[in-house]
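Engineer: Sequence and predicted model, in that order:
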Amino acid sequence: MPNQLFRKKSLDKIVRDAESGISDGHGGGLKKVLNVKDLTFMGIAAVVGAGIFSTIGAAAYDGGPGISLLFVLTAVTCGFSALCYAEFASRVPIAGSAYTYAYVSFGEIIAWIIGWALILEYAIGNIVVAISWSGYFNNLLLAFNIHLPHWLVTDPGTAKDAFLAATETLSKNPQLTADAKAPLLEAITSWNSAPTLFGSHVFMNVPAFCIVALISYITYIGIRESKKTTNAMVIFKLSVVVLVIILGAFFVNTANWHPFLPNGVAGVLKGVSAVFYAYIGFDAISTTAEECTNAQRDLPKGMIYSLLICTVLYILIALVLTGMVSYTKLNLSDPLAFVFEAVHQKWIGYFISVSAVVATTSVLLVFQLGQPRIWMSMSRDGLLPKAFGKIHPKFHTPWFSTIVTGIIVGVPTLFMGSNLMTQLTSIGTLFAFVIVSYGVLVLPKSNRKSGFRMPYVDGRFIVPVLYILFVFLMWGRIKGTFREFSSKGLHDYFFRPDDKGRVIFSNEALQEVLFIVYVTLAGLLTAATIIRKYSLIPVLGVLFCAYLLIEIPAIAWIWFFAWMTIGLIIYFLYGYWKSQLAARSAPQPPRAPIS
């Protein structure tokens, strides 16, 4: 059985089948309509979303003007992965993204794990995007004096937390001014005025559900319609972003750029998760490989072009943002609109609000395209029921997978908040980046001359130097973790008293264990690089993305482990036995003798 868990798909067979139009040997039917421009626009559509309009504010507040350097650092990190994705997309020209790449490089069990993790990036990630879209849309309606009932635009958890917090604040601070009391009283009124069902207050995020339903319909009726919609939205939001940069440049006060690193390097790095979230999505276009006119040529270009364009825009936006006002004022959910209000150009804020709605809509569309195509690939391989791989005879889309994706994303948006979902999305994405980056190192060699090939840079000398430098800088943290663990023992290390004296599981302890695991695995990869002469770029992709992984809060890791456990149970109950490779490797019954 262990050998069967790592059974691999043949790279040569995949390429032969793709070239002959067989689509991985399981039947085709998808329309080949996407070119380099379309793929670049899809990449921009997926990347330029909530990050540039909201999370950049919190990152700038922590890092000051130096946040522009973090965009460069994150772009380089994503760039390593993008080059690895580009080589895979060129050499494995079928749908499925990191799931298919892992199937070729590592085998079936790792492919399933990645496919299951990608649900966090695409489906769960789109829950976050839909909730964010609802917030922008509601703010836009308010600008036109249209007020939807609060119980129709809020999830129950957020509404209850706001009600309890407002009640507690007012009880402790009755002397608050009228302006300070207003939002608190609004939270209480919204809770008390909401309809009730079976004794419970009813709250649901209806706009979020409606946009998911609309986007699901567009992706259901065809890739050509999705392409046209995406291109139109990208042109609009890029126009607004460029307008913001140009107009904002006239209001930049260079004095606001000093000091450039007000909170030092640590302040800049504090914004890693927010800035990385602004880059999530460029890999989504690799799921459309079978709908490209020339996947081996166009997919790598589309990914790299979109990443470069977005990075330039992000750096310019960061500089304009921190130049127009002091970084200390940017800890807001709508920093772009705020800075123009601060310089008495409120009219630009309306364009920004519209663009924020369009930007998040385009992200939803690309991710709603991506998830069904991953399920389609998994179904073709037998790991999911055949229904997930069915292609609509008229629209030429994976119709059943598209409907299921719409339900899985749409229903939770009615009732769920976004905090934990954001962290799970980052874990799923980074996990895929790590596997794809390492997968390039073990991908079977090919004599193919055409298509994208990553440049080889010998990592035997640079990687060890970087690892030694990292250990030197982190030695205090490493030594402190081992000292605390040895003094407390296993149980006391993980279970500690909280502020109320209750013994609970320590998320901080798990965080430090993940750090030690990273240091150990990074050391092993460094040794393997020396012995096997690994290429520098994919090794750095693994190391950089894995480090970002272990910095994600531990509570999200606990949920991630639970998610993976559910996925493995499904695989061993269904996928392992129904796999196409299992059928091929099964012993054939002896033939009857010819009489």
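Structural biologist: Right, received. Where do you want to start?
Engineer: just the strands in this protein please.
Structural biologist: Taking DSSP state E as the test, the strands found in the chain are 196-197, 200-201, 495-497, 503-505.
Engineer: any idea which of those strands scores lowest on pLDDT?
Structural biologist: The weakest mean pLDDT among those belongs to strand 503-505, with a mean of 77.
Engineer: Just name whatever secondary elements that strand is in contact with.
Structural biologist: strand 495-497 (3 or more CB pairs under 8 Å, 6 or more residues apart in numbering; DSSP states H and E). To be clear about C-beta, it is placed using only N, CA and C from the backbone, and glycine gets the same treatment.
Engineer: would you turn the strands of the chain into JSON lines with mean neighbour count?
Structural biologist: Below are the strands of the chain laid out as JSON lines (neighbours: other CB atoms under 10 Å):
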{"stretch": "strand 196-197", "mean neighbour count": "8"}
{"stretch": "strand 200-201", "mean neighbour count": "14"}
{"stretch": "strand 495-497", "mean neighbour count": "12"}
{"stretch": "strand 503-505", "mean neighbour count": "11"}
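Engineer: doesn't Ser379 make contact with Ala387?
Structural biologist: Yes: here Ala387 reaches Ser379: they are 7.3 Å apart, a contact under CB atoms under 8 Å.
Engineer: out of those two, which sits in the more crowded spot?
Structural biologist: Ser379 (21 against 14; other CB atoms under 10 Å).
Engineer: What does the pLDDT read for the more buried one?
Structural biologist: 91.
Engineer: and it, how far is that from Val404?
Structural biologist: Note on Ser379: its distance to Val404, by CB to CB, to the nearest Å, is 11 Å.
Engineer: if I look at the two, which residues touch both of them?
Structural biologist: Residues touching both Ser379 and Val404 by CB atoms under 8 Å, 6 or more residues apart in numbering: Phe388.
Engineer: hang on, the earlier thing: would you list the strands of the chain in CSV and tack on distance to Ala342?
Structural biologist: Output for those, formatted as CSV (distance: least, CB to CB, whole Å):
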stretch, distance to Ala342
strand 196-197, 42
strand 200-201, 37
strand 495-497, 44
strand 503-505, 43
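Engineer: so which of those comes closest to Gly370?
Structural biologist: strand 503-505 (34.4 Å; CB to CB).
Engineer: Give me the sheet partners of the closest one and which way each runs.
Structural biologist: Paired strands of strand 503-505, with direction, are strand 495-497 (antiparallel) (DSSP bridges).
Engineer: In the stretch 451-595 of the chain, mark out all the helices, start to finish.
Structural biologist: 462-473, 475-494, 507-532, 536-550, 554-570, 576-578, 580-585 (DSSP state H, counting those that start in this stretch).
Engineer: Point out the most buried one among those.
Structural biologist: Comparing the helices of the stretch 451-595 of the chain by mean neighbour count (mean count of other CB atoms under 10 Å), helix 536-550 ranks first with a mean of 22.
Engineer: Now do that one: which elements does it pack against?
Structural biologist: Contact here means 3+ CB pairs under 8 Å, 6+ apart; on that basis helix 536-550 packs against helix 67-91, helix 272-277, helix 419-442, helix 462-473, helix 507-532.
Engineer: per-residue confidence averaged over the third one?
Structural biologist: What it means is helix 419-442. pLDDT averaged over helix 419-442 gives 82.
Engineer: helices and strands around that helix, which ones?
Structural biologist: Packing partners of helix 419-442 (3+ CB pairs under 8 Å, 6+ apart): helix 67-91, helix 98-105, helix 108-119, helix 125-143, helix 272-277, helix 536-550, helix 554-570.
Engineer: do you know which of those lies nearest Ile427?
Structural biologist: If you check each of the helices and strands packed on helix 419-442 against Ile427 by CB to CB, helix 554-570 wins as the nearest, at 4.9 Å.
Engineer: could you check the angle helix 108-119 makes with that closest one?
Structural biologist: Inter-element angle recorded for helix 554-570 and helix 108-119: 130 degrees (by axes from the mean of the first three to the mean of the last three CA atoms, to 10 degrees).
Engineer: who touches helix 554-570?
Structural biologist: Applying CB under 8 Å, 6+ apart, the external contacts of helix 554-570 come out as 112-113, 116-117, 120, 420, 423-424, 426-428, 507-508, 510-511, 514.
Engineer: where's Tyr456 relative to Ala546, distance?
Structural biologist: According to CB to CB, Tyr456 stands 22 Å off from Ala546.
Engineer: Can you give me the buried ones in the helix of greatest length in the chain?
Structural biologist: Determined from DSSP state H, the single longest helix within the chain is helix 346-380. The neighbour-count check on helix 346-380 (16 or more other CB atoms under 10 Å) flags 348-349, 351-380 as buried.
Engineer: before we move on, what about stretch 256-263?
Structural biologist: Neighbour-count burial for stretch 256-263 flags 256-257, 262-263 (criterion: 16+ other CB under 10 Å).
Engineer: so which of the helices and strands packed on helix 536-550 gets nearest Phe53?
Structural biologist: Among these, helix 272-277 comes nearest to Phe53, with 11.7 Å by CB to CB.
Engineer: what about that closest one, average pLDDT?
Structural biologist: Mean pLDDT, computed over helix 272-277, is 68.
Engineer: Stretch 541-559 now?
Structural biologist: Mean predicted confidence for stretch 541-559 is 86.
Engineer: and stretch 508-516, how far from the chain's centre?
Structural biologist: Distance of stretch 508-516 from its chain centroid, counting by CA atoms, centre = their mean, to the nearest Å, is 23 Å.
Engineer: Equivalent analysis for stretch 561-577, please.
Structural biologist: Put simply, stretch 561-577 sits 22 Å off its chain's centre (CA atoms, centre = their mean).
Engineer: now could you export just the CA positions of it as PDB?
Structural biologist: Taking Å, rounded to 0.1, in the frame of the first residue of the first chain, the C-alpha atoms of stretch 561-577 are listed here in PDB:
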ATOM      1  CA  PHE A 561      -4.800  20.100  10.500                       C
ATOM      2  CA  ALA A 562      -8.500  19.300  11.200                       C
ATOM      3  CA  TRP A 563      -9.300  20.200   7.500                       C
ATOM      4  CA  MET A 564      -6.500  17.900   6.300                       C
ATOM      5  CA  THR A 565      -7.700  15.100   8.500                       C
ATOM      6  CA  ILE A 566     -11.200  15.300   7.000                       C
ATOM      7  CA  GLY A 567      -9.600  15.300   3.500                       C
ATOM      8  CA  LEU A 568      -7.500  12.200   4.200                       C
ATOM      9  CA  ILE A 569     -10.500  10.300   5.500                       C
ATOM     10  CA  ILE A 570     -12.400  11.100   2.300                       C
ATOM     11  CA  TYR A 571      -9.400  10.000   0.200                       C
ATOM     12  CA  PHE A 572      -9.000   6.600   2.000                       C
ATOM     13  CA  LEU A 573     -12.700   5.900   1.900                       C
ATOM     14  CA  TYR A 574     -13.100   6.800  -1.800                       C
ATOM     15  CA  GLY A 575     -10.200   8.300  -3.800                       C
ATOM     16  CA  TYR A 576      -7.600   5.600  -3.100                       C
ATOM     17  CA  TRP A 577      -9.900   2.800  -4.400                       C
END
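Engineer: From what I see, Tyr122 and Gly281 are in contact.
Structural biologist: No: Tyr122 lies out of contact with Gly281 (CB under 8 Å); the separation is 9.4 Å.
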